[in-house]
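**Q** this one's sequence-less:
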């Protein structure tokens, strides 16, 4: 129909069918199209539809038939554009890191136990974040009054932190030897600020700064210490 | 997929832009498109959009720009085919229509300024109707005594009335040049200033006639007048 | 597109404000007939009463009936037409909105001062008032035309249509959390450091306990039957802080011994020296 014309040339019926199928909320049969367009006969409409199918072939949208009704839809190979997943990397807040560490060292622990170790209340969102990250899971309930939920770390946690098992976590004595138990201004500040605020300021203020350096030194630290104190 | 079909040859980015603009429920800016498509840069997306505009020219649907955002819509000349079974857009009252025009041509504008053009009080409901339609919004307050609320039109207004930008308001340049968007007192002062008197009066004379011609017979008495005073 | 323009003249959901007559002759969605097109001019005008948005709007329509450019209208004849119109409306006993009467009064004043000889005219001059009225009419006229042209554009849902059933775009945000070993251990270390139980060390201070004071005082009382001053029971050569402590505990010890009936205490005057001796058996 439009084959011998220059690129955009398209007859009126084809334009009308194109616009109608674009604007319609429901797929339309050739007969319904012909009825809608009034003075068009079914074979002409059918030809116009076929011409449109050919025109849209290879484009970002296709004219497709579903049980004798026609509609435009996004090309199948572009479906991923309609539902995009956007990944964003975010650093764990200080509060969440503390909670994760406590769970790792004390598991299984209840929220109340976490709070008693931290000495501050833990926001609900903090545990959610850790579970969303896949590092913490609910391991059941403790059989004590109130039956509190208890949390443990997951295999993904070990994997992410490069640990073969939980026993590879450095002990408290080793932490002290490494100077990590010395009171730090940071620690004091963290204690003085409520969880949420802590989280917010973490996100805003500290970028990725010395992450790689920190990681390296942590690793050397650990291996050095691992040699010194065979378990 | 499409590379060996010469007629339909279209690059991947263009296909992606086409599919996205087809699927979106809201018009999208070039920047939003680039953001959605992730790895696309703005100039490439802009080029793809332009290519699509050219491709759809003359077809039953067009790609149009409204307030820097793009969307597909049916060709205006097919309105008669599509309107048939659709309920008509609710028509605005004359008061609301005039108020909308005054806001669009003078924005930002206070209610008192609207009333000084119309010579009547504006019912509370009139502005409400325009705001409910999403065409007018409150843009703050004018820093004069009484701090009156001022109104402007919205991007949806441009979108709905098929205007790419406020510069596309019909006749806006002529109205401005003729001083017809200036307050009466300013216009009077301009007329009374000796130097500018001639110029102002000459320009002031024309706009209504040229507009009348331009818009065919929007108002029959005007066309009658155009006949009586040949320009 | 002229048909759509025509539609604009028809005022749907008519805004009641600004109507000049409380009893509208035609229903609100009636076709609004522009004065120029009325078949029988002069009568149609009076029948289409709900078409005007206030006196200025009525003046504008009257001005257009002069079929000249708004700049060329005769204000005097416009005033006459308006006053004539109001008169006829009153003759029909139609209730006029106050706006229209105010405008009529103002126009009557304008007309009378325009007819005065120049030297008797007040300030602002009637020419200025007339010109400003003309400018206002031009502005209202411009907006009315612009509104009509705006409404005649390609409107979505009337002239052009967007996609009927768009798939829609959705962006699911997924957060990839990151934390490293160092951060984890450091955090734990800090929690531990922060919450480690505090041990309070009290430095040893030179004190004489009540017990040793009791021993010392009762032993010394056994040596003599004479009165002894309290100070004499304190350890000699004691450093001042120990001495203070010893004084306090020796005083309490003396009270205690007196209570037990083992010692007598005497003080001759307030704040005077306190003396102590063994109770005679």
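**A** Everything's here; your move. These numbers come from a predicted model, not from an experiment.

**Q** how far off centre is the longest strand anywhere in chain A?
**A** Ranked by number of residues, the top strand in chain A under DSSP state E is strand A:83-91. In terms of CA atoms, centre = their mean, to the nearest Å, the centre of strand A:83-91 is set 5 Å apart from its chain centre.

**Q** name the helices or strands packed onto it?
**A** Using 3 or more CB pairs under 8 Å, 6 or more residues apart in numbering or on different chains; DSSP states H and E as the contact criterion, the elements in contact with strand A:83-91 are helix A:195-205, strand C:170-178. C-beta here means a position set from N, CA and C on the backbone, and glycine is covered the same way.

**Q** next, the angle from the last one to strand A:83-91.
**A** Pointing back at strand C:170-178 there. When axes from the mean of the first three to the mean of the last three CA atoms, to 10 degrees is applied, the directions of strand C:170-178 and strand A:83-91 differ by 20 degrees.

**Q** in whichever helix or strand comes after strand C:170-178, what counts as buried?
**A** Per DSSP states H and E, the first helix or strand lying C-terminal to strand C:170-178 is helix C:181-195. Buried residues in helix C:181-195, counted by 16 or more other CB atoms under 10 Å in any protein chain shown: C:181-194.

**Q** helices along chain A, start to end?
**A** Here chain A has its helices, by DSSP state H, at A:12-23, A:30-36, A:42-56, A:94-106, A:111-118, A:124-132, A:155-160, A:172-177, A:185-192, A:195-205, A:211-228.

**Q** could you list the low-pLDDT ranges of the chain?
**A** With no chain named, the answer covers chain A. Chain A contains residues with pLDDT under 70 at A:1-9, A:172, A:179-231.

**Q** wrong chain, I was asking about chain C
**A** For chain C, the stretches with pLDDT under 70 are C:1-51, C:67-68, C:93, C:197-199, C:281.

**Q** quick one on the thing from earlier: pairing partners for the longest strand of chain A, with directions?
**A** strand C:170-178 (parallel) (DSSP bridges).

**Q** okay, the angle between the strand it pairs with and helix A:94-106?
**A** Between strand C:170-178 and helix A:94-106, the angle comes out at 60 degrees (the same axes, to 10 degrees).

**Q** next, the buried residues of strand C:170-178.
**A** residue C:177.

**Q** which residues does residue A:118 contact?
**A** By CB atoms under 8 Å, 6 or more residues apart in numbering or on different chains, the contact list for residue A:118 reads A:98, A:99, A:102, C:191, C:195.

**Q** which residues of chain C lie near chain A?
**A** With CB under 8 Å from any CB of the partner chain as the criterion, chain C meets chain A at residues C:161-165, C:167-196.

**Q** ok so, going back, farthest pair within the contacts of residue A:118?
**A** A:99 and C:195 (13.5 Å; CB to CB).

**Q** neighbours of residue C:70, how many?
**A** 21 (other CB atoms under 10 Å in any protein chain shown).

**Q** how about the nearest residue to it, chain neighbours excluded?
**A** Excluding the flanking residues, the one nearest residue C:70 by CB to CB, 6 or more residues apart in numbering or on different chains is residue C:138, at 5.0 Å.

**Q** tell me how far the one you found lies from residue C:62.
**A** 14 Å (CB to CB, to the nearest Å).

**Q** how about the contacts made by the closest residue to residue C:229 other than its chain neighbours?
**A** In this structure, residue C:229 finds its nearest non-sequential neighbour in residue C:273, 5.2 Å apart by CB to CB, 6+ apart. Going by CB under 8 Å, 6+ apart, residue C:273 touches C:229, C:230, C:231, C:267.

**Q** and residue A:86, how many neighbours?
**A** Residue A:86: 12 surrounding residues under other CB under 10 Å.

**Q** ditto for residue A:169
**A** Around residue A:169 there are 21 residues (other CB under 10 Å).

**Q** which helix or which strand is home to residue C:165?
**A** Per DSSP H and E, there is no helix or strand for residue C:165.

**Q** that one contacts residue A:25, correct?
**A** Yes: with contacts counted by CB atoms under 8 Å, residue C:165 reaches residue A:25, the gap being 4.8 Å.

**Q** neighbour count for these two, which is higher?
**A** Higher neighbour count among residue C:165 and residue A:25: residue C:165, with 15 against 10, using other CB under 10 Å.

**Q** what's near enough to touch that one?
**A** Residue C:165 makes contacts with A:24, A:25, A:26, A:71, as judged by CB under 8 Å, 6+ apart.

**Q** the second one touches residue C:163, doesn't it?
**A** Put plainly, it is residue A:25. No: using CB under 8 Å, residue A:25 is not in contact with residue C:163, being 9.2 Å away.

**Q** excluding chain neighbours, what is closest to residue C:159?
**A** Per CB to CB, 6+ apart, closest to residue C:159 is residue B:79, 4.2 Å.

**Q** now do residue C:214
**A** Using CB to CB, 6+ apart, the closest residue to residue C:214 is residue C:253 (4.4 Å).

**Q** buried set for the host helix or strand of the one you found?
**A** Per DSSP H and E: residue C:253 is located in helix C:240-259. Neighbour counts over helix C:240-259 (16+ other CB under 10 Å) mark C:242, C:243, C:245, C:246, C:247, C:249, C:250, C:251, C:253, C:254, C:256, C:257 as buried.

**Q** mind checking what helix or strand follows whichever helix or strand residue C:215 is part of in sequence?
**A** In the assignment (DSSP H and E), residue C:215 maps to helix C:210-221. Going down the chain from helix C:210-221, the next helix or strand is strand C:228-229, by DSSP H and E.

**Q** how far is the longest helix seen in chain C from where the chain is centred?
**A** Once chain C is assigned using DSSP H, the helix that runs over the most residues is helix C:126-151. Mean-position distance between helix C:126-151 and its chain equals 39 Å (CA atoms, centre = their mean).

**Q** which residues touch the helix or strand where residue C:76 lies?
**A** Per DSSP H and E, residue C:76 falls inside helix C:75-91. Contact partners of helix C:75-91, identified using CB under 8 Å, 6+ apart, comprise C:20-21, C:45-46, C:49, C:55, C:58-59, C:62-63, C:65-66, C:96, C:100-101, C:103-104, C:107-108, C:110-111, C:114, C:130, C:133-134.

**Q** rerun that using 6 Å as the cut-off
**A** Contact with helix C:75-91 is made by C:59, C:62, C:63, C:104, C:107, C:111, C:130, as judged by CB atoms under 6 Å, 6 or more residues apart in numbering or on different chains.

**Q** how about the last one, what does it touch?
**A** So that's residue C:130. Applying CB under 6 Å, 6+ apart, the residues contacting residue C:130 are residue C:75.

**Q** just list whatever residues bridge to the residue nearest in space to the middle of chain A.
**A** Among the residues of chain A, residue A:87 comes closest to the average C-alpha position under CA atoms, centre = their mean, at 5.5 Å. Applying DSSP bridges to residue A:87 gives these bridge partners: residue C:174.

**Q** was I right about it contacting residue C:174?
**A** Yes: using CB atoms under 6 Å, residue A:87 is in contact with residue C:174, at 5.2 Å.

**Q** buried ones in the strand or helix carrying residue C:276?
**A** In the assignment (DSSP H and E), residue C:276 maps to strand C:274-278. For strand C:274-278, a neighbour-count test (16+ other CB under 10 Å) marks C:274, C:275, C:276, C:278 as buried.

**Q** next one: stretch C:148-168
**A** C:148-156, C:158-164, C:166-167.

**Q** mind listing what residue 170 touches?
**A** All of this refers to chain A. Going by CB under 6 Å, 6+ apart, residue A:170 touches residue C:185.

**Q** actually, chain C is the one I wanted.
**A** Neighbours of residue C:170 in contact, by CB under 6 Å, 6+ apart: residue A:83.
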